[in-house]
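[1] Predicted model, plus sequence, below.
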Amino acid sequence: MNSIAQEKPLKILVVTQYFWPENMRINNMVEGFVAKGHEVTVLTGLPNYPEGQVYADFLQDPARFSHYQGANVIRVPMLARRKRSITLALNYLSFFTSASTIGSYKLRGQSFDSIFVYAVSPIMAAIPAIVIGRLKKAPVFVWVLDLWPETLSAVGIVKHPKLLGLVGKMVSWIYNRTDYLLLQSRSFDENVRKYCTRSISSDRLVYFPSWAEDDFSGDVRVASDLLQRDDSVFTIVFAGNLGEAQDFPAILQAAKALERDLPVRWVIVGDGRASDWLKAHVTEHQLDNVLLLGRHPLEKMPALFAVADALLVSLKTNEVFEKTIPGKVQAYLASGKPIIAMIDGEAARVVVESGAGMACGSGDASGLADIVRTMGGLSAPELEKMGRSGRDYYLEHFSKVTLFDRLEALFRKATLRRRDRR
C-alpha cells in the first residue's frame, strides 16, 4: 500500500510572500516540483519587490499571472513595500494576515500532501502555512533562509530589546508548530534550536542549502545584450539585491583605490533600497569605471556572467550574516567563473574551500582592492581553473537534482507518517 502511495504525484502547497514575476529562487523550485509530475499550488501576494510598487504589468492584467509553468497561483491582497520602514512593516503584516484568512478561504475544498514555506524575511510568512496546515491536516515545511529576530537587529530595522523579545516569542511559536525546519546553512542550527522550546528531533531539523537556477548550469550559447566583452579591462560583475547589507560604500571605496592601478570595470546589476544612493554617489564622484545596469530578468544573467572575469559577492559583518550563504554564491559557483568575496563566515569558507576564488573580511575595502589587483594579474588559464573548481564544488555540494530528490523523499515520508497516524 505504501509503495503504491509513493508512486502517486504529490499535492504541494507553496506559501511565499514573493513569487514570479519577482526574481526569486522559489520560482525555480516550483518549476522543479511541476517537472517531477506533482500538482503545485502557490499562495502568494502581489508582485512589488524590490521597487516597492506593484508591477504595472500585473495591474494591467492580473489574470495573466494566475498560472506559472503548470502551477496554479493564488494571490491575496497586501500593501506594497514602498520605501519607508513603516510601510515595509505593514507589507509584512498585511501578507500574513491576508494569506491566513483570505488565502484559507480561497483554498477551501482543496487538500494537500505537504505545505512548503519559502521563509526569507519575513518569517511571518510561515503563519498562514501553519494555519492552513492545521485546517488541511498537512505537514508544514519551513525553509529557514533568514534568522529572525537576529536579522532585524542586524540590519537595524528593530533595535528595541523588548520588541526584539516579542519577535523572538513569535519565532518560537512558529518553530514549535512546524513539522520540519529546513536550514539553508549548517551554522543556523544553534540559533534555530534556541527558539524550539519543545524537544526537537534530529530528523525535524534538516540541512537544506540553496542551488542555482537551471539557467546557470548549462553552456551559454548567446551573447549578452547588456554588456560586451572587453579584454582590455578586468570586468567584475555584481548581481542581485542592492541594499545596505551589501555594503556598496566599501565596494566603491575599492573602486576608487584602483582607478589608477589597473583597468577595472565594475558592473552592478540589480535594484533595491540602496539604488538611489548608489546612482548619486557614482555620479557625484565621476566613477566612470562603475556601470549601473539596473534590474534585468534572471534569464539574462548567465550571458552577462560569461562576459565577466570575476563575480563579486559582499555582505556586511555581524553574527547573523556570518552564518548565511547568499543565494548568489551558488549561482556564481554554477556559472564556472572566479569569485571575489568581501564577506565573513560560511560564504567565505565556501569560496576558499572550493578553490573558486579569493575572500577578504566584510567591509575591508583595502583587502578587496588587493584581491582585484591579484586576480587582475592572473592569466586566463589560471582564472579558468578557479571557475572549474567552483563548478565542481557546486555539483558535489549543491546539485539541484540531489536536493530536489531529498526534499521529495521528505515530503513522502511526512505524508506517510500523517496517514499512519490517522
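    Sure thing, it's come through.
[2] Output the helix or strand harbouring residue 192 as CSV - backbone C-alpha positions only.
    Using DSSP states H and E, residue 192 sits within helix 189-193. Coordinates of each C-alpha in helix 189-193 appear next as CSV, following Å, rounded to 0.1, in the frame of the first residue of the first chain:
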residue,chain,number,x,y,z
ASP,A,189,21.4,25.0,13.8
GLU,A,190,22.2,26.7,17.1
ASN,A,191,20.1,29.8,16.5
VAL,A,192,17.1,27.8,15.5
ARG,A,193,17.3,25.3,18.4
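[3] check contacts around the residue lying closest to residue 167 once chain neighbours are set aside.
    In space, residue 167 comes closest to residue 149 once its chain neighbours are excluded; the distance is 3.8 Å by C-beta to C-beta, 6 or more residues apart in numbering. Yep, even glycine has a C-beta here, placed from its N, CA and C like the rest. Applying C-beta atoms under 8 Å, 6 or more residues apart in numbering to residue 149 gives the contacts 158, 164, 167-168, 171.
[4] How much space separates residue 149 from residue 169?
    Distance of residue 149 to residue 169, given as C-beta to C-beta, to the nearest Å: 9 Å.
[5] Flag the shaky bits of this structure, pLDDT-wise.
    Along the chain, the model assigns pLDDT under 70 to residues 1-6, 154-159, 198-199, 218, 418-422.
[6] what's the domain layout of it?
    2-210+399-421, 215-397 (automatic domain parsing).
[7] Between the two ends of the shortest one, how far is it?
    Just to be clear, that refers to domain 215-397. 18 Å (C-alpha to C-alpha, to the nearest Å).
[8] ok, back up a step: the helix holding residue 192 - contacts with which helices or strands?
    strand 180-183, strand 205-207 (3 or more C-beta pairs under 8 Å, 6 or more residues apart in numbering; DSSP states H and E).
[9] quick one, helices of the stretch 301-422 of the chain?
    301-307, 327-335, 345-354, 365-376, 380-397, 400-421 (DSSP state H, counting those that start in this stretch).
[10] Compare these and report which one is nearest to residue 193.
    helix 345-354 (17.1 Å; C-beta to C-beta).
[11] and residue 140, what does it touch?
    115, 117, 126, 129-130, 133, 177-180.
[12] what's stretch 370-385 in contact with?
    So stretch 370-385 is contacted by 234, 236, 254, 258, 261-262, 264, 309-310, 338, 340, 357-360 (C-beta under 8 Å, 6+ apart).
[13] And the buried ones among those, selectable in PyMOL?
    Listed next is the PyMOL selection for buried residues among the contacts of stretch 370-385, using 16 or more other C-beta atoms under 10 Å:
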select buried, resi 234+236+254+258+264+309+310+338+340+357+358+359+360
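[14] Tell me the helix or strand right after the helix or strand hosting residue 142.
    Per DSSP H and E, residue 142 falls inside strand 140-144. For strand 140-144, the following helix or strand on the C-terminal side (DSSP H and E) is helix 150-154.
[15] Among the contacts of residue 149, which one is most surrounded by other residues?
    Counting neighbours by other C-beta atoms under 10 Å, the top entry in the contacts of residue 149 is residue 171, with 23 neighbours.
[16] In strands, which of the contacts of residue 140 appear?
    Using DSSP state E, the subset of the contacts of residue 140 located in strands is 115, 117, 180.
[17] and the direction of the strand holding residue 142 versus that of helix 400-421, what angle?
    If you take axes from the mean of the first three to the mean of the last three C-alpha atoms, to 10 degrees, strand 140-144 sits at 150 degrees to helix 400-421.
[18] Dead centre of the chain: give me the residue that sits there.
    residue 327 (4.6 Å; C-alpha atoms, centre = their mean).
[19] Excluding chain neighbours, what is closest to that one?
    Residue 327's closest residue in space is residue 210 (C-beta to C-beta, 6+ apart), at 4.8 Å.
[20] ranges for the strands of the stretch 1-150 of the chain?
    Secondary structure of the stretch 1-150 of the chain by DSSP state E, counting those that start in this stretch: the strands cover 11-15, 39-44, 67-68, 71-75, 114-119, 140-144.
[21] which residues are in contact with the shortest one?
    With C-beta under 8 Å, 6+ apart as the contact definition, strand 67-68 has outside contacts at 19-20, 27, 30-31, 42, 73.
[22] Each with direction, which strands does it pair with?
    The strands beside strand 67-68 in its sheet (DSSP bridges) come out as strand 71-75 (antiparallel).
[23] Any buried residues in the strand it pairs with, and which?
    71, 73-75.
[24] Also stretch 369-385?
    369-372, 375-376, 378, 383.
[25] hmm, back to that, from the ones in strands among the contacts of residue 140, which single one is nearest residue 47?
    residue 117 (18.3 Å).
[26] For that closest one, give the beta-bridge partners.
    Going by DSSP bridges, residue 117 forms beta bridges with residue 15, residue 142.
[27] what number of residues lie near it?
    There are 30 residues near residue 117, going by other C-beta under 10 Å.
[28] Equivalent analysis for residue 185, please.
    That count, for residue 185 with other C-beta under 10 Å as the rule, works out to 22.
[29] Residue 291 too?
    Residue 291: 16 surrounding residues under other C-beta under 10 Å.
[30] All the helices of the stretch 151-300 of the chain, residue numbers only.
    Going by DSSP H, counting those that start in this stretch, the stretch 151-300 of the chain shows helices at 161-176, 189-193, 248-257, 275-284.
[31] Contacts for the second one next, please.
    If you take C-beta under 8 Å, 6+ apart as the criterion, helix 189-193 is touched by 144, 147, 150, 175, 181, 183, 200, 205, 207, 323.
[32] if you set the cut-off to 10 Å instead, what comes out?
    142, 144, 147-148, 150, 171, 175, 181, 183, 185, 200, 205, 207, 319-320, 323 (C-beta atoms under 10 Å, 6 or more residues apart in numbering).
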